[in-house]
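Q: Predicted model, plus sequence, below.
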Amino acid sequence: MELTTKDFIKDYKNQFQSMYAYSYEEGSTEQLYNALGLLVKNYISTPWKETRETYIKNSVKQVFYFSMEFLPGRQLKSNAYNLGLLDTVKEGLTELGLSFDELSEAEVDPALGNGGLGRLASCFMDSLASLSMAGNGNGIRYQYGLFRQKFVDGYQVELPENWLRYRNVWETSNDKSTCMVRFGGNVWLERNKQGYLEAKYENTLNVLAVPYDTPMVGYRNDKVNNLRLWSAEIPVEEENNYHTIEETEPIKEITQVLYPDDSNYEGRLLRLKQEYFMVSAGVQSIIRHFRKYNVPRKNIPDKVAIHINDTHPALVVPELMRILIDEERLSWEQAWEITFKTCSYTNHTILREALEKWPIDMMKELLPRIYMIIEEINRRFVENTLPLYGERITWQTAILQNGVVNMAHMAVIGSHSVNGVAQLHTDILMNDVLKDFFELYPERFNNKTNGITQRRWVHLANPGLTQLLDDKIGEDWKKNPSELKVFKGQEKDKQTLKQLAAIKLENKKRLADHIEKVKGIKVNPNAIFDVQIKRLHAYKRQHLNLLHILHRYLEIKQNPSVDYAPRVFIFGAKAAPSYLYAKQIIKVINSLAELVNNDPDVGDKLKVVFFENYGVSLAEKIIPAADVSEQISLASMEASGTSNMKLMANGALTLATLDGANIEIRDFVGGDNIFVFGLTSPEVYELKAAQTYNARDLYENNSNIHRALNALKDGTIPNLQDEGHAIFESLVHFNDEYFVLKDFDSYVQAQEDIDSLYKDQNEWTRKSLLNIASSAPFSADYTIKKYADDIWKVKSCAVEHEGVQPLDE
Ligand code: GL7
């Protein structure tokens, strides 16, 4: 978009004055930010409107990405950047004596997701818009986002995240597009005069779903898609039925809080209400929207693709059936054909405890009509499958099993495509978790390795690197990430390597300042910055990292001249509030940090920094400064990981097990440019099957393990209650479920290899460069292009020369 600095200044002054009735010079930072945000939103409004109109006018097929979580991060900078206005805005503000960076820090980072799954949804939104594809998000406008984490005496404390206390300048409440969602009551079928079976309802709880729309701005292409988040309210015509605040609670609570658990299934009624609320409102609004297209209903799958992001929105399947049958009056067979062709499903985890299974009784009571439909889907599935595949497979794959509704099964049965999020993960789905379905429907299964948007994670987070790339290989890589590979040509260029190292050092200095500011810890920017940032979970093995740090500390104490390269271990992680073990690990890391950081024998050799409240904005500060990316989950457990991709794209070297997308990272960058350790996935499967693993043996016979584990419980680490014991017990008495001790030696070895390599700065930076240059395949643009081609069958609306080029590897 074209805008002169002069015009911007004029617009901004007017905007501020019209909002606050005084001059910007008197404004608070929040007010200055609000005015700027709303002004940028004004600039967005024209392409936003035009994009919507073009889609309808050209009858373009649209994707609706249904997700219980979105983690967009701050939007001011990325919107201004994608519009092509960032420099103008910065310049204009400077002329007004204001600082863009300061204003943009005033934006609240909406924490409407737990981790990778929600962030992936937002990276996908960015790529869809940037590829000029009609892709909309559908989710929940939680009043409280993921809790704000604080450490008190090293313990995690959770505070409510009331992100809407401040004005959210990006959203537009859209009163004209509300929907009604019904819960509970009695439902029966009655034959009407035309002989048609009609669903009748009584005593239902009626909830008004109010949409809040947020623009998803494409990169320099005048395309703006829509993220629609629903909020639950009392229907206006029923307001008089509610007499007290308490009576309104069952409605208000539906969109009040995000469930703060990323890998555990919460079998609570409220969660099921949330899922149906979001699904029903979303599907109703799609069908309404589709009417504008004015084409026969049978063509819905040619105009609409609905994506089920993990099982949370799997009720899309029976809800779409309900609308097509009860409201659009189609036959079961017609409705099923449409539903199945419209829906597709991504699985994001193999953790059994995360796979949703709702008690039938709960489903029946909360969603009686939906349950009838699920029962019928299941009946027909069994009827078709039994004669062809026999008892075992049929009962293993049924939707209704032992008193529960198996949501993954419903999603697979109701979708034409099922994908995992990295090749290994997809293989595990096909060979293990969804093996029987793979036998029934091999053609539905496909892999779509996750991706990240370089725009947020490189262009904006790492301007130094971006400038270097522009200088060395031109700017094409920004529209066409596969051009990054050209950078490989510079791996031997001393000058480039020097510049790259200098950029990393600058980023590290900035992070070091931030560490000092928020944690009061002084770190040496020349130390290795070693980063593990992700949710805290036993399978991700932050405690393996912890044991290694402890090991290093004990080595230093024993031999103060030991030859370790100075290292700063950086953590960012929230634990689910009910996940005691994860919280114990946090406490032990914090206490160990206290010990290590204050021990004069240690000096620069070792520092430990655990940031509070890890989220998108903090990640943007940490990632460009990382030297080492810790991706150390037990092989087979991490479906993909996405911080691994962001860190790689910013030149960190990966220290990894062969898990999730780490395998693909190794394949692209080459085995010499990554540090791999530990059991492989087949070895993990074998070891589990053999049942021969004995962690106590390792504890008793491996002196390093013995020493480190003892230090967990002998008072070496200060200020612990029983947290060190708890970790000890889990590893030794409960036989170390995630094979931490088994992988310990090879992990320590890999860490030592890192030290050796870091001494050769030239060689280190060369490998860093190769990582950056090999990161293109992890651009979400490519991932989305594959979803679009293989699953959704949607096309780019860009004029030919603007569209993304295929990735040529
Ligand atoms: C996750 C996986 O754990 C993670 O490996 C993956 O990268 C992400 C996106 O596909 O999805 N699954 C999940 O439930 N959460 C994830 O982050 C919360």
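A: Noted; the coordinates are in hand. Numbering: from 1, shown residues only.

Q: and the residue of the stretch 301-450 of the chain found nearest the ligand, how many residues sit next to it?
A: Proximity of the stretch 301-450 of the chain to the ligand (CB to the nearest ligand atom) peaks at residue 348, 3.4 Å away. Every residue, glycine included, has its C-beta placed from N, CA and C. Neighbours of residue 348 under the rule other CB atoms under 10 Å: 22.

Q: what residues does this structure put near the ligand?
A: Taking CB under 6 Å from any ligand atom, the part of the chain that reaches the ligand is made up of 114-117, 120, 262-263, 348-349, 354, 421, 450, 638-642, 660.

Q: The same query, at a cut-off of 8 Å, please.
A: 69, 113-120, 262-263, 310, 346, 348-349, 351, 354, 421-422, 425, 450, 534-535, 638-642, 660-661 (CB under 8 Å from any ligand atom).

Q: In strands only, show me these.
A: Counting by DSSP state E, those place residue 346 in strands.

Q: In helices, which of the residues of the chain next to the ligand appear?
A: 116-120, 425 (DSSP state H).

Q: and of those, the nearest to residue 97?
A: residue 119 (35.3 Å; CB to CB).

Q: Now that that closest one has come up, it's in contact with residue 616, right?
A: Yes. Between residue 119 and residue 616 a contact is recorded at 6.8 Å, counting by CB atoms under 8 Å.

Q: Neighbour count: these two, which is higher?
A: Neighbour count, other CB under 10 Å: between residue 119 and residue 616, residue 119 has more, with 26 against 19.

Q: Near the residue nearest to that one when sequence neighbours are not counted, how many other residues are there?
A: Leaving aside its chain neighbours, residue 119 sits nearest to residue 71 (4.3 Å; criterion: CB to CB, 6 or more residues apart in numbering). Residue 71 is flanked by 25 other residues according to other CB under 10 Å.

Q: Same question for residue 56.
A: Residues within reach of residue 56, counting by other CB under 10 Å, total 15.

Q: Equivalent analysis for the one 3 residues further on, please.
A: The local packing of residue 59 (other CB under 10 Å) involves 14 other residues.

Q: What helix or strand is it located in?
A: Using DSSP states H and E, residue 59 sits in no helix or strand.

Q: Assign the residue lying closest to it once chain neighbours are set aside to one of the three secondary structure states.
A: Excluding the flanking residues, the one nearest residue 59 by CB to CB, 6+ apart is residue 293, at 5.4 Å. Three-state call for residue 293 (DSSP: H, G, I helix; E, B strand; the rest coil): coil.

Q: quick one: pLDDT of the residue sitting furthest away from the middle of the chain?
A: Distance from the C-alpha centroid of the chain peaks at residue 193, with 50.2 Å (CA atoms, centre = their mean). On pLDDT, residue 193 comes in at 91.

Q: need the contact list for whatever residue of the chain ends up closest to the ligand.
A: Residue nearest to the ligand within the chain (CB to the nearest ligand atom): residue 116, separated by 2.6 Å. Shown in contact with residue 116 (CB atoms under 8 Å, 6 or more residues apart in numbering): 262, 348, 450, 534-535, 640-643.

Q: again with residue 401
A: So residue 401 contacts 357, 395, 409 (CB under 8 Å, 6+ apart).

Q: any idea how far the second one is from residue 402?
A: Going back to what we said before, that points to residue 395. Remark: distance between residue 395 and residue 402 (CB to CB, to the nearest Å) = 10 Å.

Q: quick one, which of the two is more surrounded?
A: Comparing residue 395 with residue 402 by other CB under 10 Å, the one with more neighbours is residue 395, at 15 against 9.

Q: for residue 387, helix, strand, or coil?
A: Using three-state DSSP, the structure places residue 387 in helix.

Q: next one: residue 50
A: At residue 50 the chain is in helix, as set by three-state DSSP.

Q: Just give me the neighbour total for it.
A: Burial of residue 50 is recorded as 14 neighbouring residues (other CB under 10 Å).

Q: again, but for residue 770
A: By other CB under 10 Å, the residues close to residue 770 number 22.

Q: for the helix or strand that residue 589 is a member of, the distance to its chain's centre please.
A: Using DSSP H and E, residue 589 falls within helix 580-597. With CA atoms, centre = their mean, to the nearest Å as the basis, the distance from the averaged C-alpha position of helix 580-597 to the chain average is 25 Å.

Q: CA atoms only for that helix - export them in CSV, please.
A: What follows is helix 580-597, C-alpha atoms only, in CSV (Å, rounded to 0.1, in the frame of the first residue of the first chain):
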residue,chain,number,x,y,z
LEU,A,580,2.5,-31.5,39.5
TYR,A,581,5.6,-33.3,38.1
ALA,A,582,6.1,-30.6,35.5
LYS,A,583,5.9,-27.9,38.2
GLN,A,584,8.4,-29.8,40.3
ILE,A,585,10.8,-29.8,37.4
ILE,A,586,10.4,-26.0,37.1
LYS,A,587,11.1,-25.6,40.8
VAL,A,588,14.2,-27.7,40.6
ILE,A,589,15.6,-25.8,37.6
ASN,A,590,14.9,-22.5,39.3
SER,A,591,16.7,-23.7,42.5
LEU,A,592,19.6,-25.0,40.5
ALA,A,593,19.8,-21.7,38.7
GLU,A,594,20.1,-20.0,42.1
LEU,A,595,22.9,-22.3,43.1
VAL,A,596,24.8,-22.1,39.8
ASN,A,597,24.4,-18.4,39.1
